[in-house]
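S.K.: mind folding the following:
(one chain, ligands or ions: 1)
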Amino acid sequence: MAGIEDNPVLRPGERQGGVGLRLAIYPGTFDPPTRGHLDILLRAGKLFDKLIVAVAENPLKSSFFSAKERLNLLKGLTEGMDNVDVEILKGLLANYAQRKGAIAIVRGLRAISDFEYEFQMALTNRRLNPQVETVFLMPSENYTFLSSTLVKNIAELGGELSAFVPPLVAESIKRKLRRK
Ligand code: ADP
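M.R.: Purely as a prediction, here's the structure:
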């Protein structure tokens with residue numbers, strides 16, 4: 001296996017990504033996007049020149065909102081954030097990151113329970129694409145308990161969603177449940 005000295009990414013004095021825009025990708029399922037996701041994407045938007053929120057299509061997993069609906073929700077939530085784009089992610093994240101010329105993958109870490117899975121994914125993605133670092137950001141402690149699954153459970157039981165998701169998302173969830 002290559003040592004530190006053979007790894008071009010770790011050569012001192014070289015800026016990752018050269019002199020171009022520093023682009024990061026924030027991938028996820030976002031089913032639905034929550035205030036926790038928004039917290040992370042706002043933090044990442046400040047760290048990088050450009051951020052692409054990549055909505056995983058994952059046709060094998062059944063989702064509450066379709067990928068197109070999740071894309072549109074995130075577009076609505078990021079309106080006015082000039083350096084943030086939203087796209088659908090098809091296929092392997094490591095390849096997508098390479099195609100886009102990204103220097104980083106951003107993930108949120110809520111609690112120790114996220115760590116093992118995220119650690120495994122980060123090291124796998126590094127093996128697949130050594131040019132891209134995974135960067136972990138911590139949300140405000142108000143959102144460390146929050147997950148999309150929790151939001152769906154509360155919604156299905158008729159609970160108040162405003163503390164967990166922005167109004168645009170709360171409205172869309174209610175509309176969807178009414179049609180079910
Ligand atoms: P995935 O299926 O890829 O885990 P999610 O939409 O569940 O997709 O999460 C996408 C990313 O956002 C993950 O890194 C996850 O840890 C992070 N995340 C989810 N909820 C929160 C939250 N409440 N606070 C901070 N990060 C979060």
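
S.K.: tell me the buried residues in the helix or strand hosting residue 113?
M.R.: Here residue 113 sits within helix 112-128, counting by DSSP states H and E. Neighbour-count burial for helix 112-128 flags 118, 122, 125, 126 (criterion: 16 or more other C-beta atoms under 10 Å). (Each C-beta comes from the backbone N, C-alpha and C, glycine too.)

S.K.: same check, this time on stretch 94-102
M.R.: Within stretch 94-102, the residues that count as buried by 16+ other C-beta under 10 Å are 94, 96, 97, 100, 102.

S.K.: cool, and stretch 148-156?
M.R.: Result for stretch 148-156 [16+ other C-beta under 10 Å]: buried residues 148, 151, 152, 154, 155.

S.K.: tell me, which of those make contact with the ligand?
M.R.: Among the buried residues of stretch 148-156, proximity to the ligand is found for residue 148 (C-beta under 6 Å from any ligand atom).

S.K.: list the ones among the buried residues of stretch 148-156 that fall in helices.
M.R.: 148, 151, 152, 154, 155 (DSSP state H).

S.K.: the ligand: which of these is nearest?
M.R.: Lowest distance from the ligand to these (C-beta to the nearest ligand atom) belongs to residue 148, with 5.3 Å.

S.K.: contacting residues around the closest one?
M.R.: The contact partners of residue 148, taken as C-beta atoms under 8 Å, 6 or more residues apart in numbering, are 29, 30, 31, 32, 33, 34.

S.K.: nearest to residue 76, of these?
M.R.: residue 33 (9.3 Å; C-beta to C-beta).

S.K.: do you know how far the closest one is from the ligand?
M.R.: Applying C-beta to the nearest ligand atom, to the nearest Å, the value for residue 33 to the ligand is 8 Å.

S.K.: quick one: which two of the contacts of residue 148 are the most distant?
M.R.: 29 and 34 (11.1 Å).

S.K.: could I get the full set of strands for the protein?
M.R.: Here the chain has its strands, by DSSP state E, at 23-28, 50-56, 84-89, 104-108, 133-137.

S.K.: ok so, going back, could I get the ones in helices among the buried residues of stretch 148-156 as CSV with pLDDT?
M.R.: Shown next, in CSV, are those (pLDDT from 0 to 100):
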residue, pLDDT
148, 97
151, 98
152, 97
154, 97
155, 97
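
S.K.: residue 29 and residue 34: who's more crowded?
M.R.: A count of neighbours by other C-beta atoms under 10 Å puts residue 34 above the other of residue 29 and residue 34, at 22 against 19.

S.K.: circling back to that earlier point, name the residues that touch the helix holding residue 113?
M.R.: Here helix 112-128 has contacts from 92-95, 97, 105, 107-109, 132-134, 136, using C-beta under 8 Å, 6+ apart.

S.K.: let's see that with 10 Å instead.
M.R.: With C-beta atoms under 10 Å, 6 or more residues apart in numbering as the test, helix 112-128 has contacts from 9, 27, 92-95, 97-98, 105, 107-110, 132-136, 144, 147.

S.K.: much appreciated, bye for now.
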